[in-house]
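Colleague: quick check, what structure comes out for this input:
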Amino acid sequence: MENNPIPEDIIKIQKKLASFEINSRNYKKYTKILAKHVKAFTMKKRVNSHIKTIEIVEKISKDKKD
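Modeller: Numbering: from 1, shown residues only. Next up is the predicted model:
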């Protein structure tokens, strides 16, 4: 993984969100957009983590059979 684990799109949305006044219409809109991006990002990380765990378990079980 690169030096910055946070995707560029999330950082871009956060920078834009910081420029708005709190509780303004655009602030609320960008907060919802940011939440969707963060949720998708964490789900991707969780899925990748689960896949790696399954692969390791399969490898260990295969090594035990040999």
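Colleague: show me what the one helix or strand N26 maps to packs onto, helices and strands only.
Modeller: Following DSSP states H and E, one finds N26 within helix 25-65. On a contact count with 3 or more Cβ pairs under 8 Å, 6 or more residues apart in numbering; DSSP states H and E, helix 25-65 meets helix 8-18. The way it works is simple: take the backbone N, C-alpha and C, and place the C-beta from them, glycine included.
Colleague: hmm, who's touching the helix it packs on?
Modeller: For helix 8-18, the surrounding residues in contact (Cβ atoms under 8 Å, 6 or more residues apart in numbering) are 4, 27, 30-31, 33-34, 37-38, 41.
Colleague: tilt between it and helix 25-65?
Modeller: Helix 8-18 runs at 150 degrees relative to helix 25-65, counting by axes from the mean of the first three to the mean of the last three Cα atoms, to 10 degrees.
Colleague: going forward, the N-terminal residue is numbered 4.
Modeller: Okay, residue one is now 4; in that scheme the one you just asked about reads as helix 11-21.
Colleague: minimum pLDDT in the contacts of helix 11-21, which residue is that?
Modeller: By predicted confidence (pLDDT), the lowest-ranked of the contacts of helix 11-21 is N7, with 69.
Colleague: give the contact list for the residue most central in space within the chain.
Modeller: With the centre of the chain defined as its mean C-alpha position, the nearest residue by Cα atoms, centre = their mean is F44, 2.1 Å away. Residues touching F44, when contacts are defined by Cβ under 8 Å, 6+ apart, comprise 9-10, 13.
Colleague: quick one, what contacts L37?
Modeller: With contacts taken as Cβ under 8 Å, 6+ apart, L37 has the following neighbours: 13, 16-17, 20.
Colleague: could you measure from it over to D66?
Modeller: L37 sits 43 Å away from D66 when distances are taken as Cβ to Cβ, to the nearest Å.
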